[in-house]
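Q: below are the sequence and a predicted model for it; my questions follow.
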Amino acid sequence: MERNDEEARRAIGIVERKLLENDYYGARTFINHAKSLYTNFDCLKQMLIMINVVISASPIGGTEAD
């Protein structure tokens, strides 16, 4: 369980970096990865909701870039 906790924290760090780079699709990928590793982080659900809102409000129309 400790190993998953550490990996999830590492993934959350990557999510934060992706958000700073405005890479919302990459951030969503790592959020889902962190959720699969360790579901007890309270912040993951809120972060995923926020990312999905930003993606859906993007001027591209919410479609994932290639």
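A: Thanks, I have it. Numbers count the residues shown, from 1 in each chain.
Q: quick one: neighbours of Gln46, just the number.
A: The local packing of Gln46 (other CB atoms under 10 Å) involves 10 other residues. Placement of C-beta: from N, CA and C, glycine included.
Q: got the buried residues for the host helix or strand of it?
A: Using DSSP states H and E, the element containing Gln46 is helix 43-56. Neighbour counts over helix 43-56 (16 or more other CB atoms under 10 Å) mark Leu44, Met47, Leu48, Ile51, Ile55 as buried.
Q: a markdown table for those, including distance to Ile14 and pLDDT?
A: Listed next are the buried residues of helix 43-56 as a markdown table, based on distance: CB to CB, whole Å; pLDDT from 0 to 100:
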| residue | distance to Ile14 | pLDDT |
| --- | --- | --- |
| Leu44 | 13 | 87 |
| Met47 | 12 | 89 |
| Leu48 | 14 | 91 |
| Ile51 | 13 | 93 |
| Ile55 | 17 | 91 |
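Q: could I get the residues you listed as JSON lines with distance to Arg3?
A: Converted to JSON lines, those look like this (distance: CB to CB, whole Å):
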{"residue": "Leu44", "distance to Arg3": "17"}
{"residue": "Met47", "distance to Arg3": "22"}
{"residue": "Leu48", "distance to Arg3": "22"}
{"residue": "Ile51", "distance to Arg3": "25"}
{"residue": "Ile55", "distance to Arg3": "30"}
